[in-house]
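Trainee: Coordinates for the following, if possible.
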Amino acid sequence: MDHYDIAIIGAGPAGAVAAKFLHDAGLSVIVLEATHFPRFVIGESLLPFCMNVLEKCGLADTVTANAANQAFQYKNGAAFARGDQHCSIDFHDRFESDGWSTTFQVKRDAFDKTLIDAVIHAGVTVKFGHRVVAANLDEGDCTLGWQDDNGNAGHIHVGFVVDASGYGRVIPKLLGQANIATMQPRRALFTHIRDNITAPDYDRDKILITVHPEKHDIWYWLIPFADGTSSLGVVYPLDETAPPTGDVNSTENDAALFDRLLGDTALGPLLANASHTRPLAAIASYSTGTERLYGDGYVLLGNSAGFLDPVFSSGVTIALYSAELAANALIARQKGNDPDWENSFAKPLSAGIATFKSYVDAWYDGRLQQIIFNQPDRDLQLKRMVVSILAGYAWNMENPLVAKTDRYLNLLHELSL
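Mentor: Have a look, this model is predicted:
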């Protein structure tokens, strides 16, 4: 039986970053990944805060060095559209004076492979096509059972398990932990396109978030890449699957629904010459949490612990920061210090997630949309506080909009009326 200090389940961004931090600190690490890379996944518009974490673990230079050949698109902000209303934010106009203010929009198959290849090059053992099918978890004495694509099976013995398996939620499922719905169920339809955009005022350096002109809880993302392709998606309440005829006994197929919702906005004309490069796909009821973020011999990172909503691209940001926090605790553990998982991991991570959730809630109930589309220019300091959250700086307690999120969101909403 193989022996390692740490086993990481999942080779996505959270798993790669955790592995790099731990390996560089001298721990022996193995990563078990059920799939083979590259593989398609969404969550393609990074936030600047991500770059801070990547820089700390020595992977930021890898990302920037591969940006050109992997069609990573430089990103400096976000643009918003709702009917005749338009506005944009620049991440340089944020509350903090240090840290990254730019990032990239990435095809995740290439981005994730770039990260894990660098981790492998650094000396970490990574096993692709290996599914974890059993777990006996006991702090300092954990055993994982695995099966590979060829039907082979085996076990590894480790001191601790890090679950970065994303929506796979390997450890919670093996422990019988239920998903906990955290928000109203919604559904997303998404695809990749050759966008063929010719509009002279279109800014490829920003994600474009478009709101349905009448149904403000329906919104669309357009994430451009550097090779002329884009990720395109629409998010809507599950009851929107009923067609406009009012016949509750019939439903549109996904392609017809996607085209109808797209045609309701200016995205229709903007993408008049676009063509699909990937089939349309869907995901639903994705806003979930879990009972515990850690336990005896394990910790959960990123989407394995839960996911909020795609609207502000917080998923990868939360995943990377959870990897940093967990790695710091495990490095301290290796040095003989008993980690306080509640105060060093769960509480700080949850504080930032709660800030993001307040923004997501305010987006769907209309307060944040009102703030974004109607915020007076004179309130520059308040605007900087908002921009900081949208740039991913949800853990900076010096920002009043982090320390007292709901209070200041309500104040900003009142000022924007």
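Trainee: from here on, contacts and neighbour counts on C-alpha atoms
Mentor: Noted.
Trainee: Would you check how far apart the closest residue in space to Phe356 that isn't next to it in sequence and Leu401 are?
Mentor: Among residues not flanking Phe356 along the chain, Ala394 sits closest, at 6.8 Å (CA to CA, 6 or more residues apart in numbering). As for Ala394, its distance to Leu401 is 9 Å (criterion: CA to CA, to the nearest Å).
Trainee: Ok, Gly228 next?
Mentor: 36 Å.
Trainee: ditto for Pro213
Mentor: Distance from Pro213 to Leu401, by CA to CA: 28 Å.
Trainee: Which of these two has more residues huddled nearby?
Mentor: Leu401 (23 against 17; other CA atoms under 10 Å).
Trainee: then the helix or strand harbouring that one to CSV, C-alphas only?
Mentor: Assigned by DSSP states H and E, Leu401 belongs to helix 400-403. Once non-C-alpha atoms are left out, helix 400-403 reads as follows in CSV (Å, rounded to 0.1, in the frame of the first residue of the first chain):
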residue,chain,number,x,y,z
PRO,A,400,-17.2,48.2,5.0
LEU,A,401,-19.1,46.3,2.3
VAL,A,402,-17.4,43.1,3.5
ALA,A,403,-17.6,43.8,7.2
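Trainee: So for stretch 54-63, what gets flagged as buried?
Mentor: Within stretch 54-63, the residues scored as buried using 16 or more other CA atoms under 10 Å are Leu54, Cys57, Gly58, Leu59, Ala60, Val63.
Trainee: neighbouring contacts of stretch 288-296?
Mentor: Stretch 288-296 is contacted by residues 137-139, 172, 177-183, 299-301, 305-308, 341, 346 when judged by CA atoms under 8 Å, 6 or more residues apart in numbering.
Trainee: Apply 10 Å and report the result again.
Mentor: Applying CA atoms under 10 Å, 6 or more residues apart in numbering, the contact partners of stretch 288-296 are 137-140, 142, 160-163, 167, 169, 172, 177-185, 299-309, 326, 341-342, 345-347, 349-350.
Trainee: Now do the helices in the stretch 101-250 of the chain.
Mentor: With helices called from DSSP state H, counting those that start in this stretch, the stretch 101-250 of the chain shows them at 108-122, 170-174.
Trainee: how about the first one: buried residues?
Mentor: Going back to what we said before, that points to helix 108-122. By 16+ other CA under 10 Å, the buried positions in helix 108-122 come out as Arg108, Asp109, Ala110, Phe111, Asp112, Lys113, Thr114, Leu115, Ile116, Asp117, Ala118, Val119.
Trainee: Would you tell me which one of these comes nearest to Gly83?
Mentor: Nearest to Gly83 among those: Arg108, at 30.4 Å, using CA to CA.
Trainee: residues contacting that closest one?
Mentor: Gly12, Pro13, Pro38, Arg39, Phe40, Val41, Ile42, Gly43, Glu44, Ser45, Phe72, Thr114.
Trainee: Identify the contacts common to Ala394 and Leu401.
Mentor: Counting by CA under 10 Å, 6+ apart, the residues touching both Ala394 and Leu401 are Thr355, Ser388.
Trainee: Domain-wise, how is this structure divided?
Mentor: Domain ranges of the chain: 2-49+59-72+101-179+288-354, 186-284, 355-416, per automatic domain parsing.
Trainee: Can you get me the start-to-end distance on the last one?
Mentor: According to CA to CA, domain 355-416 extends 20 Å from its N-terminal end residue to its C-terminal end residue.
Trainee: returning to that earlier point: can you lay out the buried residues of stretch 54-63 as a markdown table showing secondary structure, pLDDT and distance to Asp2?
Mentor: Output for those, formatted as a markdown table (DSSP: H, G, I helix; E, B strand; the rest coil; pLDDT from 0 to 100; distance: CA to CA, whole Å):
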| residue | secondary structure | pLDDT | distance to Asp2 |
| --- | --- | --- | --- |
| Leu54 | helix | 98 | 29 |
| Cys57 | coil | 98 | 26 |
| Gly58 | coil | 98 | 28 |
| Leu59 | coil | 98 | 28 |
| Ala60 | helix | 98 | 31 |
| Val63 | helix | 98 | 32 |
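Trainee: any idea how far Arg194 lies from Ile331?
Mentor: When Arg194 is compared with Ile331 (using CA to CA), they lie 45 Å apart.
Trainee: and the longest strand along the chain, which residues are buried?
Mentor: Assignment by DSSP state E gives strand 153-163 as the longest strand of the chain. By neighbour count on 16+ other CA under 10 Å, the buried set for strand 153-163 is His155, Ile156, His157, Val158, Gly159, Phe160, Val161, Val162, Asp163.
Trainee: Same check on stretch 336-349?
Mentor: Within stretch 336-349, the residues that count as buried by 16+ other CA under 10 Å are Pro339, Trp341, Phe345, Ala346, Leu349.
Trainee: First-to-last residue distance for it?
Mentor: Stretch 336-349 has an end-to-end distance of 23 Å (CA to CA).
Trainee: any idea how far that stretch is from the chain center?
Mentor: 22 Å (CA atoms, centre = their mean, to the nearest Å).
Trainee: Show me where the stretch 151-300 of the chain has its strands.
Mentor: Ranges of strands in the stretch 151-300 of the chain, per DSSP state E, counting those that start in this stretch, are 153-163, 180-181, 186-194, 206-211, 219-224, 229-237, 275-276, 281-284, 288-289, 294-295, 298-300.
Trainee: a markdown table for these, including mean pLDDT and distance to Gly129?
Mentor: Formatted as a markdown table, the strands of the stretch 151-300 of the chain follow (pLDDT from 0 to 100; distance: least, CA to CA, whole Å):
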| stretch | mean pLDDT | distance to Gly129 |
| --- | --- | --- |
| strand 153-163 | 97 | 11 |
| strand 180-181 | 86 | 29 |
| strand 186-194 | 96 | 26 |
| strand 206-211 | 98 | 33 |
| strand 219-224 | 98 | 30 |
| strand 229-237 | 96 | 27 |
| strand 275-276 | 96 | 29 |
| strand 281-284 | 92 | 23 |
| strand 288-289 | 89 | 26 |
| strand 294-295 | 96 | 25 |
| strand 298-300 | 98 | 21 |
